[in-house]
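Enquirer: Predicted model, plus sequence, below.
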Amino acid sequence: MFNLETTVEKSKAKYMNPVVLAYIGDAVYSLYTREKLALLKDAKVSEIHRMANEEVRATAQAEFAEKILPVLTEEEADIYRRARNAKKGTRAKSATVAEYNKSTGLEALLGFLYVTGEHERLNFLLNFNEEI
């Protein structure tokens, strides 16, 4: 049976397609951002949606990736670099290629931490942006 607590062994997750990890990480980051804004802001849904879009866009994710790079483990940095350098089938509409590549690296890292059940580390990195 599959559920939200299903995990993948790190040895297997390291060899998953980095764009697939980024696909999962995109959903994780979007949910985190939407939930955070919905619970912390007293605003209409349309305003929360606007704020969430600002935070999850590729340019903002690229900035976030730059902030967390110094605290990544070697394993996490490898996941990030592999995804950043991976061939992607699409490109961002409102970001440079470099920004899009960094955002893909960030999303893959978040996806990797999520699928391997590293939720404590995932939460640390997601909240690292707030602590600076």
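Expert: Yes, it's here. Everything numeric in this text was worked out from a predicted model, so none of it was measured. Numbering: from 1, shown residues only.

Enquirer: element containing the residue nearest to the spatial centre of the chain?
Expert: Residue closest to the average C-alpha location in the chain (Cα atoms, centre = their mean): E107, at 3.0 Å. Here E107, judged by DSSP states H and E, is contained in helix 97-115.

Enquirer: mean confidence for that helix?
Expert: The predicted model gives helix 97-115 an average pLDDT of 95.

Enquirer: Which strands or helices does it pack on?
Expert: Applying 3 or more Cβ pairs under 8 Å, 6 or more residues apart in numbering; DSSP states H and E, one finds that helix 97-115 contacts helix 18-40, helix 58-68, helix 74-84, helix 119-131. For glycine as for every other residue, the C-beta is placed from the backbone atoms N, C-alpha and C.

Enquirer: Make a markdown table out of those helices and add mean pLDDT.
Expert: Compiled in a markdown table, the helices and strands packed on helix 97-115 are given as follows (pLDDT from 0 to 100):
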| stretch | mean pLDDT |
| --- | --- |
| helix 18-40 | 94 |
| helix 58-68 | 95 |
| helix 74-84 | 96 |
| helix 119-131 | 87 |
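
Enquirer: Tabulate those helices in JSON lines, adding columns for mean neighbour count and distance to V8.
Expert: Listed next are these as JSON lines, based on neighbours: other Cβ atoms under 10 Å; distance: least, Cβ to Cβ, whole Å:
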{"stretch": "helix 18-40", "mean neighbour count": "18", "distance to V8": "10"}
{"stretch": "helix 58-68", "mean neighbour count": "18", "distance to V8": "22"}
{"stretch": "helix 74-84", "mean neighbour count": "18", "distance to V8": "13"}
{"stretch": "helix 119-131", "mean neighbour count": "13", "distance to V8": "13"}
